[in-house]
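In: Predicted model and sequence below, questions to follow.
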Amino acid sequence: MLDLLSTSDEQWLQENVIGIDRGVTIPVHTGDAFYDLTEKEKNKKVKQERYSKRLQRKLARQKKGSNRREKTRRKLARRHADIKNKRTDFLHKTSRDIVDKGSVFVFEDLNIQNMTKKAKPKKDENGNFLKNGKKAKSGLNKSILEVGWGTLETFVQYKAKAAGKAVFKINSAYTSQECSNCGHIHSDNRETQSEFLCIQCGHHDNADRNAAQVIKKRAIALILHSGT
């Protein structure tokens, strides 16, 4: 595959390179397609999570070592396993479809472990705790782990390897702020979570689709000019 890439022209790369943007609202976007749960699956997932929380509260009230507590614990474990299995099934199907559609797959080089760390407490000079965005950070951590960013990357990697295809990573800096049309980078290009509007050339697109195109564009540039 590396020998093939070294002699590939831009047209072949445009047809065979897939940039993969991972998000929270839309779990996976490849520029030409996006992957998400159906509304029915999302509603079922919400109901399962609510039920799991009720079981968790019930478990906390029950006497340790009792038969009723053990019964509740088994129910809760089954719910967690069911949610995990459905997420794994979604990621397997998504990675399979992505690998079948291209030859080169490109991810942002994200430190997911650091991104999902708990927010550290902060104190002022008097020893009083300051707001550190813990609630928002916890919500983001939960969303990233639920979507399975790291698992998706692992699944694409081993499926691509089995098919004799390549997986690369590119610098993740400003991929959400860069215009895939003209390359202009500015924070004002992305004023909302879902929409991208370049303040320089006026390019308008779905923000995740634009990011996937930027990832692809950066990868192709690196492959074509790998000697620099």
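Out: Noted; the coordinates are in hand.

In: Can you tell me which helices and strands the longest helix belonging to the chain packs against?
Out: Counting by DSSP state H, the longest helix found in the chain is helix 67-101. Counting contacts by 3 or more C-beta pairs under 8 Å, 6 or more residues apart in numbering; DSSP states H and E, helix 67-101 is packed against strand 17-22, strand 34-35, helix 39-61, helix 149-162. All C-beta atoms are positioned from the backbone trio N, CA, C, and that covers glycine.

In: Ala212: which of these is closest?
Out: Nearest to Ala212, of all those, is strand 17-22, at 4.1 Å by C-beta to C-beta.

In: can you list contacts of the helix or strand that the closest one is followed by?
Out: The C-terminal neighbour of strand 17-22 among helices and strands, as given by DSSP states H and E, is strand 28-29. The contact list for strand 28-29 (C-beta atoms under 8 Å, 6 or more residues apart in numbering) reads 20-23, 34-36, 94, 98, 152, 206, 208-209, 211-212.

In: Recalculate using a threshold of 6 Å.
Out: 21, 35, 94, 208-209, 212 (C-beta atoms under 6 Å, 6 or more residues apart in numbering).

In: which two in the residues you listed are spaced the farthest apart?
Out: Every pair of these checked by C-beta to C-beta; the farthest is Thr94 and Arg209, at 16.0 Å.

In: surely Val106 meets Gly19?
Out: Yes: taking contacts as C-beta atoms under 6 Å, Val106 lies within contact range of Gly19: 5.0 Å.

In: if I look at those two, which residues touch both of them?
Out: Common neighbours of Val106 and Gly19 (C-beta under 6 Å, 6+ apart) are Ile215.

In: would you turn the contacts of strand 28-29 into JSON lines with neighbour count, distance to Ser8 and pLDDT?
Out: JSON lines is the format used below for the contacts of strand 28-29 (neighbours: other C-beta atoms under 10 Å; distance: C-beta to C-beta, whole Å; pLDDT from 0 to 100):
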{"residue": "Asp21", "neighbour count": "26", "distance to Ser8": "23", "pLDDT": "95"}
{"residue": "Tyr35", "neighbour count": "18", "distance to Ser8": "26", "pLDDT": "95"}
{"residue": "Thr94", "neighbour count": "22", "distance to Ser8": "26", "pLDDT": "96"}
{"residue": "Asp208", "neighbour count": "24", "distance to Ser8": "26", "pLDDT": "94"}
{"residue": "Arg209", "neighbour count": "20", "distance to Ser8": "24", "pLDDT": "95"}
{"residue": "Ala212", "neighbour count": "30", "distance to Ser8": "20", "pLDDT": "97"}
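
In: Same list (those residues) but as TSV, adding distance to Asn189.
Out: Putting the contacts of strand 28-29 into TSV (distance: C-beta to C-beta, whole Å) gives the following:
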residue	distance to Asn189
Asp21	15
Tyr35	24
Thr94	27
Asp208	14
Arg209	14
Ala212	15
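
In: which one of these sits closest to Ser172?
Out: Asp21 (10.1 Å).

In: That closest one contacts Ala211, doesn't it?
Out: Yes: here Asp21 reaches Ala211: they are 4.2 Å apart, a contact under C-beta under 6 Å.

In: looking at this protein, which helix or strand is least sure?
Out: The helix or strand of the chain with the lowest confidence, counting by mean pLDDT, DSSP states H and E, is helix 134-147 at a mean of 54.

In: Show me where the protein dips below the pLDDT cut-off.
Out: Low-confidence segments of the chain, defined by pLDDT under 70: 2-3, 112-124, 127-146, 226-228.

In: how far away is Ser172 from Asn85?
Out: 30 Å (C-beta to C-beta, to the nearest Å).
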